[in-house]
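Engineer: coords please:
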Amino acid sequence: MCPWFESRWHHMKAKDLTSFAFFIFPHLEILTDKSRRPILAAMETELTEHLVFSDIPGLAQALDAMVEGRSQLFLLTDSKVAACVLPALIAESESVRRAHIIEVESGEGSKCIEIAHHIWSQLAESHASRNDLLINLGGGMITDLGGFIGSTYKRGMAFMHIPTSLMAMTDAAIGGKTGIDHDSIKNLIGTYAPASQVLICPQFLQTLPLNELYSGFAEMLKHALVADQDLWYQLTELGAITPSTIQPFIKQSLEIKKRICQADPLENGSRKLLNFGHTFGHAVESVFLDVKNPIPHGYAVAIGMMTETYLSLDISGLSVDQRNHILNTMNRIFSVLPLEKLPDFNDLVKYLRNDKKNSQSESLNFTLLAHIGNGVYDQHVSLKQAENAWQQMLIA
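Structural biologist: So this is what the prediction gives:
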């Protein structure tokens, strides 16, 4: 059963919060898949064409201009973001003040069909139209859930993202993937639907607990491992993982994700590179979800990247030296990982077999590494090879 749900108007006194933002304005284009059905996909412009720096008042001014002409505004957020970020936006933005605030409990447990049902009902009761706007303010859970709501309500209403976590800023809010979990399986139900705008304010990182900062940092490392060797060394040589040390690299990491998604919006080819660490990572995350003890998504991805680094040695040609370097670096950065509590391989099998990337064959489909900065996708791995890699990771 999913957590509680509530919707209410907020009238809160704002606290001072200074920030800057950069905005991404995707274009939309109708593509066609193999069955000839129209599919909405994101064809984004270059990031630097729409880069704007601003404090919170400037962000609010830009937001107010973007929503001009919208009859009704709805803002989806979670209980933590509502307490630490939303007040500043309410104080500065007329649009946020007039928006109907839909608040859900924070955490992955809210990314489920029951919560989606409540939000659809709330929109319907408010007579929301396709021309109204849904603003998704929060981390990856909110951008995934809100994007799914926006892409399905009345077959698609306009929505935008204001990501507040590092995970959402560099990964979840970009590229048009939406989804909810089902039967403890991550993102089993979802769509491809891009936000009309994404507003990124790195100062929001100051509100994050340390585990959420590290969770997002894992995705930045993934981008570097599959596509940018120089970024890998820049990130791994940081003296400390803090909002101020990470901030200069957010745009660079985000641009990797944007570039890959532009080239392959529907994940028929090169976008699969972004799945490195996610085959094992999603399986691990699903096991923890199933026992009602969720771990941060980035922690699961870090565990997945370590396991898939072992596979890369045997299957995709990663050198022993680079394998050892990656593993030693990941162990140093993510010393907080719950490695002693990881599940047995048998507990992972049903989730590995149910991974979205698999075809009808018996093998598992992985993205692996040829070397640091060069990922390779569609690497077919037997269940026995996957088990061996998992056992190596556990005893290392």
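Engineer: which residues does Ile189 bridge with?
Structural biologist: Counting by DSSP bridges, Ile189 forms beta bridges with Ile180.
Engineer: residue ranges for the helices of the stretch 151-300 of the chain, please.
Structural biologist: Assigned by DSSP state H, counting those that start in this stretch, the helices in the stretch 151-300 of the chain fall at 166-167, 210-227, 229-236, 243-246, 250-263, 278-290, 297-315.
Engineer: ok, now the stretch 1-150 of the chain?
Structural biologist: Using DSSP H, counting those that start in this stretch, the helices of the stretch 1-150 of the chain run over 56-66, 79-84, 86-92, 94-98, 113-125, 140-152.
Engineer: if we can go back for a sec, out of the helices of the stretch 151-300 of the chain, nearest to Asn131?
Structural biologist: The closest of the helices of the stretch 151-300 of the chain to Asn131 is helix 250-263. By Cβ to Cβ, the value is 26.2 Å. From N, CA and C alone the C-beta is placed, and that goes for glycine too.
Engineer: to the chain's geometric centre, what's the distance from that closest one?
Structural biologist: 13 Å (Cα atoms, centre = their mean, to the nearest Å).
Engineer: Against which helices or strands is that helix packed?
Structural biologist: With contacts taken as 3 or more Cβ pairs under 8 Å, 6 or more residues apart in numbering; DSSP states H and E, helix 250-263 sits against strand 38-44, helix 210-227, helix 229-236.
Engineer: which of the helices of the stretch 1-150 of the chain sits most buried?
Structural biologist: Mean neighbour count (mean count of other Cβ atoms under 10 Å) peaks for helix 140-152 among these, with a mean of 26.
Engineer: Count the neighbours of the nearest residue to Thr242 once chain neighbours are set aside for me.
Structural biologist: Leaving aside its chain neighbours, Thr242 sits nearest to Leu213 (7.6 Å; criterion: Cβ to Cβ, 6 or more residues apart in numbering). Neighbourhood size, Leu213 [other Cβ atoms under 10 Å]: 20.
Engineer: Any figure for the gap between Leu213 and Ile56?
Structural biologist: Plainly put, Leu213 is 21 Å away from Ile56 if you go by Cβ to Cβ, to the nearest Å.
Engineer: go on, Leu76?
Structural biologist: The gap separating Leu76 from Ile56 is 20 Å, by Cβ to Cβ.
Engineer: one step back: closest one to Glu387 among the helices of the stretch 1-150 of the chain?
Structural biologist: Of all the helices of the stretch 1-150 of the chain, helix 140-152 sits nearest to Glu387, with 29.3 Å by Cβ to Cβ.
Engineer: Now stretch 220-229 - C-alpha only, CSV.
Structural biologist: Taking C-alpha atoms only, stretch 220-229 is exported to CSV below (Å, rounded to 0.1, in the frame of the first residue of the first chain):
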residue,chain,number,x,y,z
MET,A,220,27.5,11.9,-12.8
LEU,A,221,30.2,9.3,-12.5
LYS,A,222,28.1,7.0,-14.8
HIS,A,223,28.0,9.7,-17.5
ALA,A,224,31.7,10.1,-17.2
LEU,A,225,32.5,6.4,-17.4
VAL,A,226,30.4,5.8,-20.6
ALA,A,227,31.2,9.0,-22.4
ASP,A,228,33.9,11.3,-21.0
GLN,A,229,37.2,10.1,-19.6
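Engineer: Can you give me the buried ones in that stretch?
Structural biologist: Buried positions in stretch 220-229, judged by neighbour count with 16 or more other Cβ atoms under 10 Å: 220-228.
Engineer: Including pLDDT and distance to Glu237, could the residues you listed go into CSV?
Structural biologist: Converted to CSV, the buried residues of stretch 220-229 look like this (pLDDT from 0 to 100; distance: Cβ to Cβ, whole Å):
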residue, pLDDT, distance to Glu237
Met220, 98, 13
Leu221, 98, 12
Lys222, 98, 17
His223, 98, 16
Ala224, 98, 12
Leu225, 98, 15
Val226, 98, 19
Ala227, 98, 18
Asp228, 98, 14
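Engineer: can you redo these as TSV with distance to Val85?
Structural biologist: Below are those laid out as TSV (distance: Cβ to Cβ, whole Å):
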residue	distance to Val85
Met220	21
Leu221	25
Lys222	26
His223	25
Ala224	28
Leu225	30
Val226	31
Ala227	30
Asp228	30
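Engineer: Looking at those, which one is closest to Thr367?
Structural biologist: When the buried residues of stretch 220-229 are compared against Thr367 (criterion: Cβ to Cβ), the nearest one is Val226, at 7.1 Å.
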